[in-house]
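# quick one, fold the following:
(4 chains)
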There are 4 protein chains.
Amino acid sequence: MDYQAILEEIQEEIQPFLSQGKVADYIPALAKIKKEQFGLSLTLFDGTNYSVGASDTLFSIQSISKVFTFTLALKFFGPNLYKRIGHEPSGNPFNSLVQLEYEHGKPRNPFINAGAINVTDALINYYGSEELAYAEVLEFIRSIADDSSIVTDELVAQSEMDHGHRNLALANLMKSFKNLDNCPQRVVETYFRHCAVEMNTKMLSRAVLYLANHGEDPITNKIYISAQQAKRINAVMLTCGHYDASGDFAFHVGLPGKSGVGGGIIVVVPKKMGIAVFAPGLNEQGNSLVGTMALELFAQKTGLSIF
Amino acid sequence: MDYQAILEEIQEEIQPFLSQGKVADYIPALAKIKKEQFGLSLTLFDGTNYSVGASDTLFSIQSISKVFTFTLALKFFGPNLYKRIGHEPSGNPFNSLVQLEYEHGKPRNPFINAGAINVTDALINYYGSEELAYAEVLEFIRSIADDSSIVTDELVAQSEMDHGHRNLALANLMKSFKNLDNCPQRVVETYFRHCAVEMNTKMLSRAVLYLANHGEDPITNKIYISAQQAKRINAVMLTCGHYDASGDFAFHVGLPGKSGVGGGIIVVVPKKMGIAVFAPGLNEQGNSLVGTMALELFAQKTGLSIF
Amino acid sequence: MDYQAILEEIQEEIQPFLSQGKVADYIPALAKIKKEQFGLSLTLFDGTNYSVGASDTLFSIQSISKVFTFTLALKFFGPNLYKRIGHEPSGNPFNSLVQLEYEHGKPRNPFINAGAINVTDALINYYGSEELAYAEVLEFIRSIADDSSIVTDELVAQSEMDHGHRNLALANLMKSFKNLDNCPQRVVETYFRHCAVEMNTKMLSRAVLYLANHGEDPITNKIYISAQQAKRINAVMLTCGHYDASGDFAFHVGLPGKSGVGGGIIVVVPKKMGIAVFAPGLNEQGNSLVGTMALELFAQKTGLSIF
Amino acid sequence: MDYQAILEEIQEEIQPFLSQGKVADYIPALAKIKKEQFGLSLTLFDGTNYSVGASDTLFSIQSISKVFTFTLALKFFGPNLYKRIGHEPSGNPFNSLVQLEYEHGKPRNPFINAGAINVTDALINYYGSEELAYAEVLEFIRSIADDSSIVTDELVAQSEMDHGHRNLALANLMKSFKNLDNCPQRVVETYFRHCAVEMNTKMLSRAVLYLANHGEDPITNKIYISAQQAKRINAVMLTCGHYDASGDFAFHVGLPGKSGVGGGIIVVVPKKMGIAVFAPGLNEQGNSLVGTMALELFAQKTGLSIF
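Sure, this is the predicted structure:
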């Protein structure tokens, strides 16, 4: 398949929609991002990369980081992790407190905010401190992306904290149910630092190869997690990766993916490739509007689908 | 792969658990089913069937029928169907009224009860009467199973009706939101007749081949729906096929499936085969306990997974 | 106090607001009511009646009937009634299914629809048939109003039934929780016949005297219920009489009352009088907009308040 | 009426129940309170006090403080207060986040935790600092109780803070909806200091006289609030004073009251007296079990009721 031609077709077809959607505006650092941007990359198992558009532009990976922290927590805690976090779709927005209260402080899955904060808490337990938990997650991201230049935008992290009262509410609620071990404030700070990691679509499409290849990086042959764990992460991405639009994404794209409010989406094509897209205008569910559209076009044009 | 050997291994391994779970007891006709039963079948694209246990025993397909009615409704109405029914996981039990009220009478997906009742209403519109909607769905099931002996247990259907007040509540609630066109009582009766169709695992594993083969029956070459529609039905099965245990099934089995309270589960292995299992003891979410276990073992032993 | 003068003042002050609000339009029979109507009556313990405006105009008492059916059910079943119905404010709209599902089919109080339907079911048990339950409630209303001319508008009752799917949903949901003994359809029919009783403000202000006088009619000296029961009915009116505007009514009017979507409100001034108002334009919570206003003015001008 | 004799009768009748209920155990400082205690006081408008039992024993007034902070907020902000806090019963436990999320951060009423935290925030705005808001509320309590010895148990306040994650969740959630002006942590600290004020039943029964006497202290003739404001506070106590047992309290006691998890309840008898009871064993809704019982007995024996 001529992937480069397909990506270019997609780039052309999405142009009319680039002005749609709404850039995340809950913090100044994100609100100032220019909406009319689009980058799309895919990386094959031999490292070949195809890209169009703003594929070198760094952006805040935001909730995409949840896939990486979940990977580490699943690796270190295995099934014990499920005592504190479920793996069911929530059927609710990403930051709802309702289900968390009804279910006694146990988040539905690791990809809603409460779940990712809880995963961060588990990693702080594992590494022994907030600082180490932050540093080791960053190190892991650099490793899977094979790029040591990746850093956090600390200004974004700080800005999140200044406007992060709902996440603090989630963390305090879990703490009140004794399902959070560390200081809610510091856990949320650490979580925000992971969210504020900056990457581009080239880096991201390469970083998810270990998930497409059953836990093993197909280029470096590093084994990060077991095949079963990789499949399970993909399953959670498919059922829970897009909040209350997860079913819609599975329906229209048919591939495991995870979005972030920074406008990025990663997608895993099992046994084939990693994909990443960037387009900052968000739809009502908080997922990249043009990014979702581009991935649906990609699925149509290539016939790639797990179904 | 020696499928027969694998099925036999599974049959042996699940023996200790056959006494667990609880047979559906909300109607006498189902409550009297013997719990210690187990049947497992798979059918390949060339028609080869592998089976163990009670694979000839007929049972009530119950909610598995939702896959077949959804197939017809999607075929006839296409995207217009989404005006009345969503395709998101509900995060709630199969018969919850809460979400239906919050979302103004629009069911989350076609695989919760409200959704399937709504699909039945759409089919009554299409066929022109309850009787025809019932008959044509039965005819469709006979066609995909290639077995004209399949019938409804009318006693079960009647018994459901006598205890179907919650489903009547769902239908009346949708009617009050003007999201049901026909008489709630008669729509629910028709829905129950579809649920009371009796099949065995051999029939079911063969019947789902059209979903594994992108809409075309690989044996008869009849095209029932488009490739895209087949993929989408599989996607909805994966994200919504097991009520509030859908994420868990995706996590542990990794294949699209749909369960019924009669103890059956169907599973689609895209491009490979259809599977059906029968074991009447249910877990807390109302899915076959041993059936789920058997499918997880099957996924482990064969490595088959869409992820 | 010169009650007549006060009523006339109120009548004048509310004129500018008579065009506000929205007549109940869920059934044709109510939708055709002229909005610009206003009647206000009060009856003292010696039978003296003061009235202004359309105080002879008959209207559908609707949910005001819930006070009368609750009176009879409390009389016949005493504390046993609380096994099937609570007496807490619901904090929800009058016809919500959400709480009913969360609380396993037990309505919060007798003044939301589910509660009143449940009360009707209890009365059918007591009297032995739907027809008798209907007839005896009507007879009770005639007795407390001392007016044998009072009848039901059967056209309204039938029209309610044609559009009563939400109430049928409530009844079926209670039935599914085994908290309804009779046929949901017939219970709801009986309930609607009570709602369709027609009275005017003169009749209603006289009819509630037994509640103002601790269970005894101050004119005929008939004892309908015990003093404690009368106080409790007043308490439930205060905390639950206006759905999710009950707190607001207590806050602004400070007297026990009950509204109906026909535009009527009854109010009890303990040890002093009965009051009834009629103005068909409803506010957002489904209570008479001008009626509520008139009662607030009355409370301000007279200083009458239980607080 | 021989109030002293009535109080003594009640004291005797409740003895068998003193071992029931459960002392609040969410913080060590409250968990160590001896359960078998009972104090009951009433104060008439001329200052006459009748008391039995542990009426000199100081206890943590906890949520009773919400009545006093609401009084000041209503006095200073009038109807503007309703922009940030409602006055409807919640139909939910005192510390639920569910309704707060559904209603966009606006607490249902000032007597659930979210509402009282919000009131505290308003008072911090008014007084200009947390410290002043704390001090002025304490000063107000001393004034209405006419007792300058009243102080806060700072150990209890600190202990609350150490276990106050749910309240921090509520405050952060309101902050995220921009319905809290000050730092959530500091607002909650101030709120907890008010809750930790220590009083006995003699003090409390005297302190609420201004509410029984339409805003004016009947002994000192100080006017604290308007008659209308006093009536409205009483109305909110009646409809919302006992969380999700408010209807039950109105039903059985028939008087405006407010409970605290320290085991205290205050009650207002309009135009007659103030009452306070203390018994630390709580019922399931978090209200004093024996205290509620004693007040129901008092209502029965005296016939006092607003209904």
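# and stretch A:175-182, does that touch chain D?
Yes: Stretch A:175-182 reaches chain D (C-beta under 8 Å from any C-beta of the partner chain) through A:175-176. Heads up, the C-betas are built off the backbone N, CA and C, glycines and all.
# name the surrounding residues that touch that stretch.
A:84, A:104-106, A:117-118, A:121, A:124-125, A:130, A:171, A:174, A:184, A:187, D:165-166, D:169 (C-beta atoms under 8 Å, 6 or more residues apart in numbering or on different chains).
# can you check stretch A:247-256 too?
A:89, A:211, A:234-235, A:237-239, A:241-242, A:257, A:267-270, A:275, A:287, A:292, A:295-296, A:298-299, A:304-307, B:86-89, B:109, B:231-232, B:235-236, B:238-240, B:307.
# pLDDT score assigned to the most centrally placed residue in chain A?
With distances taken as C-alpha atoms, centre = their mean, the residue of chain A nearest its centroid is residue A:64 (1.4 Å). Confidence at residue A:64, expressed as pLDDT, is 98.
# tell me if it really is in a helix.
Yes: assignment of residue A:64 by DSSP: H, G, I helix; E, B strand; the rest coil places it within a helix.
# was I right to think it contacts residue A:266?
Yes: using C-beta atoms under 8 Å, residue A:64 is in contact with residue A:266, at 5.5 Å.
# so what sits against both of these two?
The contact sets of residue A:64 and residue A:266 overlap at A:204, A:258 (C-beta under 8 Å, 6+ apart).
# which residues of chain A lie near chain B?
Near chain B, when you scan chain A using C-beta under 8 Å from any C-beta, you find A:86-92, A:99, A:108-109, A:228, A:230-232, A:234-236, A:238-240, A:244-248, A:250-251, A:254, A:256, A:270, A:305-307.
# just the buried subset of those, please.
Buried members of these, counted by 16 or more other C-beta atoms under 10 Å in any protein chain shown: A:86-92, A:99, A:108-109, A:228, A:230-232, A:234-236, A:238-240, A:244-248, A:250-251, A:254, A:256, A:270, A:305-307.
# related to what we said a few turns ago, tell me, how many residues neighbour the residue nearest to the residue nearest to the centre of chain A when sequence neighbours are not counted?
Distance criterion C-beta to C-beta, 6 or more residues apart in numbering or on different chains; nearest residue to residue A:64, sequence neighbours excluded, is residue A:260 at 4.3 Å. By other C-beta atoms under 10 Å in any protein chain shown, 27 other residues sit near residue A:260.
# so what touches stretch A:35-53?
With C-beta under 8 Å, 6+ apart as the criterion, stretch A:35-53 contacts A:3-4, A:7-8, A:10-11, A:14, A:18-19, A:21, A:23, A:54-57, A:200-202, A:204-206, A:209, A:212-213, A:218-219, A:263, A:272-281, A:290, A:294, A:298.
# ok, stretch A:232-240 next?
A:67, A:70-71, A:74, A:87-90, A:108-112, A:211, A:225, A:246, A:250, A:255-258, A:268, A:270, A:306, B:89, B:238-239, B:246-247, B:250-251, B:254, B:307.
# run the chain-centre distance for it.
11 Å (C-alpha atoms, centre = their mean, to the nearest Å).
# tell me the mean pLDDT over it?
Here stretch A:232-240 scores 95 as its mean pLDDT.
# quick check on residue A:54: phi, psi?
phi -80, psi 50 (degrees, to the nearest 10).
# count of residues packed around the closest residue to it other than its chain neighbours?
Once flanking residues are discounted, residue A:54 sits nearest to residue A:39: 3.8 Å by C-beta to C-beta, 6+ apart. When neighbours are defined as other C-beta under 10 Å, residue A:39 has 26 of them.
# same thing with residue A:185?
15.
# likewise residue A:96?
22.
# so it belongs to a helix, correct?
No: using three-state DSSP, the assignment for residue A:96 is coil, not a helix.
# residues contacting it?
A:90, A:112, D:101.
# among the contacts of stretch A:247-256, which lie within helices?
If you go by DSSP state H, these have A:211, A:234-235, A:237-239, A:292, A:295-296, A:298-299, B:231-232, B:235-236, B:238-240 in helices.
# hang on, the earlier thing: dump the contacts of residue A:96 into JSON lines; add distance to residue B:148 as well.
Below are the contacts of residue A:96 laid out as JSON lines (distance: C-beta to C-beta, whole Å):
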{"residue": "A:90", "distance to residue B:148": "44"}
{"residue": "A:112", "distance to residue B:148": "48"}
{"residue": "D:101", "distance to residue B:148": "54"}
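# closest to chain C out of those residues?
Distance to chain C, by C-beta to the nearest C-beta, is smallest for residue D:101 among the contacts of residue A:96, at 14.0 Å.
# and the residue nearest to residue A:64, how close does it get to chain C?
33 Å (C-beta to the nearest C-beta, to the nearest Å).
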